[in-house]
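> kindly return the folded structure for what I paste below:
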Amino acid sequence: MAAKVLTEGGLNVVLLEAGPPVNPEKDFKMLMWPYDLPHRGAGVGGQASKNFSEFLAPNGAWIIDGEPYTSAPGANFQWFRSRIVGGRTNHWGRIALRYAPIDFTSGTRDGLGDDWPITYQDIAPYYDKVESYIGVFGTKENISSAPDGVFLPPPKPRCTELLVKKACDKLNILCIPARLAVLTRSINDRAPCHYCGQCGRGCTTASNFSSSQVLLPPAMKTGRLTLITGAMARSVVVGKDGKAEGVSYVDKNTGTEKRVNARAVVLAASACESARLLLNSRSTTFPDGLANSSGTVGKYLTDSVGSDGWGYVPALEKMPPHNHDGVGGMHMYIPWWKSDRKNDFPRGYHIELYGGRDMPGVGMFHELCHDEEGYGVTLKSRARQLYGTTIGFAGRGEMIPNPHTYCEIDPDVVDQWGIPVLRFHFRWSEYELRQAQDMQQTFRSIVEAMGGVYKTKTAIDGEYPFGIREGGKIIHEVGTARMGADPKTSVVNGYCQAHDVKNLFVTDGAPLVTNPDKNPTLTIMALSWRASEYLLDEAKKGNI
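Numbers count the residues shown, from 1 in each chain. Below you'll find the predicted structure:
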């Protein structure tokens, strides 16, 4: 986003990417059948199933050879990274939700954490710009916890989603059309979605949003963007005047150290990777890491609270086989509906839905094989009987920042280029555990209201009570260089500009002060657009 706005504003931009280029026609497996791959997408030894299968748009992974990270004793943080042009936007869920006005002042509301230095009114025009440009479908609902946006028409609900909606109406739970960055009408010469349902594989028609297909092409057309791939950033170079002068990086093809000079540096490497760069950019001026006079780089790390569940719905056995395809994600969802009442945990969560007879994938029948006796014809018959009769739920909620959760530089471990790696500390608090418990209770009540049987079993204690996922597993990590008005307690100001280094900006998830139940990508893009316009204006004034 920064590359697009800055080049279109007249600046010359060099964009460093640690991975290779992406070629959608060659790299995306959008319309490939599972049997066209030797292991149905599971990979040799089933290894690819750990990274969402071989069908995942390249090339995200929990573990990257030669690029380790560590967790401190007693912690377990999982860090999903994608080394390729466009990064994780090639295969994300495209859920595009605005933060609500109250999300920017939640510290004042309940005394937990801090308020943002900006308001909803500050960012709302940029939400409008982003939605108008990338295309987001949805409906106007006038829900305080889920603000309306600039929407394309939503796709029609699937059968499973209509059943959920009917059950939610019985229980007085909100259930509305989803809000996804997938085109239902053509925008900027991009074709509308053809409903193959395979968004996670990447989209050769660019009908869903990815930065590689939607933001970088117009930036390249300006003639002012230089894209350098295979560039592993090591540190931000700082001059004697304390200003950023450029970036030192390793050319991964040759193993040589190189440097690019610039009047301003924008970090957008993902929240944790940008924190790693800042902490590794030590100098006599910044002995604790660049822009870290507050000591808060790496702190206030959060991920979304996640707990999942599913149920068997007998009514779906009687449903005649039909096309359950649509966009690669939900057509309906449940926004936070209890913001007007007192709960036994702070903040809230939304619920994502899935189910129906979509493309069979690796692991789809694991639960069946676990629960059923038999093999051969009998097992196949049972699989056909139960195929498409389950509905799943994914709760995604807000984590409150805590002092036990942060990332720092590991004192002993380096990657294959000799760059010190991150060490993670992570702990859920009682707030998040209660939230996960509420999610499980809600999932069960919805399934039973449909006449179904809730099948998920979760422990009430142990390492992951109530099915709460490990830190990082929801891939919504934010907050490691948070914004604030006070340089003593924050890293950047409301324009994502470092307090300590005026020509340094951070425009990924790192500046986010809180991590509401809404997926953060839309807010990251809006903040980046706003920060880039500010950078342009400051450059024109000669302040950068």
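> for the rest of this, base every contact and every neighbour count on C-alpha atoms.
Will do.
> which SSE is residue 381 in?
Element membership for residue 381, per DSSP states H and E: helix 376-386.
> list the contacts of the helix or strand following that helix.
Toward the C-terminus, helix 376-386 is succeeded by strand 390-397 as the next helix or strand (DSSP H and E). With contact meaning Cα atoms under 8 Å, 6 or more residues apart in numbering, strand 390-397 is reached by 160, 304-313, 316, 347-356, 435-436, 439, 443, 516-518.
> strand 390-397: how far from the chain's middle?
Its chain's C-alpha centre and that of strand 390-397 lie 16 Å apart, by Cα atoms, centre = their mean, to the nearest Å.
> cool, and stretch 14-24?
Taking the mean of its C-alpha atoms, stretch 14-24 sits 19 Å from the chain's own mean (Cα atoms, centre = their mean).
> quick check: buried residues in that stretch?
14, 16, 17, 18, 19, 21, 22, 24 (16 or more other Cα atoms under 10 Å).
> so which pair among those is furthest apart in space?
14 and 24 (22.4 Å; Cα to Cα).
> quick one, strands of the stretch 401-544 of the chain?
With DSSP state E, counting those that start in this stretch as the definition, the stretch 401-544 of the chain shows strands at residue ranges 406-414, 420-425, 453-454, 504-506.
> switch the ones you listed over to TSV; also include mean pLDDT.
Converted to TSV, the strands of the stretch 401-544 of the chain look like this (pLDDT from 0 to 100):
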stretch	mean pLDDT
strand 406-414	98
strand 420-425	98
strand 453-454	98
strand 504-506	98
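> can you tell me which of those is most buried?
Burial of the strands of the stretch 401-544 of the chain is given as mean neighbour count (mean count of other Cα atoms under 10 Å); strand 504-506 ranks first at a mean of 26.
> which secondary structure elements does that strand sit against?
Judged by 3 or more Cα pairs under 8 Å, 6 or more residues apart in numbering; DSSP states H and E, the packing partners of strand 504-506 are strand 265-267.
> distance of the closest residue in space to residue 188 that isn't next to it in sequence relative to residue 292?
The spatially closest residue to residue 188, leaving aside those adjacent along the chain, is residue 133, at 7.9 Å (Cα to Cα, 6 or more residues apart in numbering). For residue 133, the distance to residue 292 equals 35 Å [Cα to Cα, to the nearest Å].
> which one's more surrounded, the two?
Shown here are residue 133 and residue 292; by other Cα atoms under 10 Å, residue 292 has more neighbours (28 against 15).
> which other helices and strands does the lowest-mean-pLDDT helix or strand in the chain contact?
Lowest by mean pLDDT, DSSP states H and E among the helices and strands of the chain is helix 366-371, with a mean of 84. For helix 366-371, there is no helix or strand it packs on, judged by 3+ Cα pairs under 8 Å, 6+ apart.
> hmm, who's touching that helix?
Applying Cα under 8 Å, 6+ apart, the set of residues contacting helix 366-371 is residue 383.
> now it: buried residues?
The neighbour-count check on helix 366-371 (16+ other Cα under 10 Å) flags nothing as buried.
> and for stretch 131-147?
Buried residues in stretch 131-147, counted by 16+ other Cα under 10 Å: 131, 134, 135, 136, 137, 138, 139, 145, 146.
> name the nearest residue to residue 13, ignoring sequence neighbours.
Residue nearest to residue 13 in three dimensions, not counting chain neighbours: residue 225, with 4.9 Å by Cα to Cα, 6+ apart.
> contacting residues around the spatially closest residue to residue 209 that is not a sequence neighbour?
In space, residue 209 comes closest to residue 181 once its chain neighbours are excluded; the distance is 5.7 Å by Cα to Cα, 6+ apart. Contacts for residue 181 (Cα under 8 Å, 6+ apart) come out as 94, 95, 96, 131, 134, 135, 136, 137, 208, 209.
> in helices only, show me these.
Secondary structure from DSSP state H places 131, 134 of the contacts of residue 181 in helices.
> in JSON lines, list the contacts of residue 181 along with distance to residue 369.
As requested, the contacts of residue 181 are exported to JSON lines (distance: Cα to Cα, whole Å):
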{"residue": "94", "distance to residue 369": "32"}
{"residue": "95", "distance to residue 369": "32"}
{"residue": "96", "distance to residue 369": "36"}
{"residue": "131", "distance to residue 369": "43"}
{"residue": "134", "distance to residue 369": "42"}
{"residue": "135", "distance to residue 369": "41"}
{"residue": "136", "distance to residue 369": "39"}
{"residue": "137", "distance to residue 369": "38"}
{"residue": "208", "distance to residue 369": "35"}
{"residue": "209", "distance to residue 369": "36"}
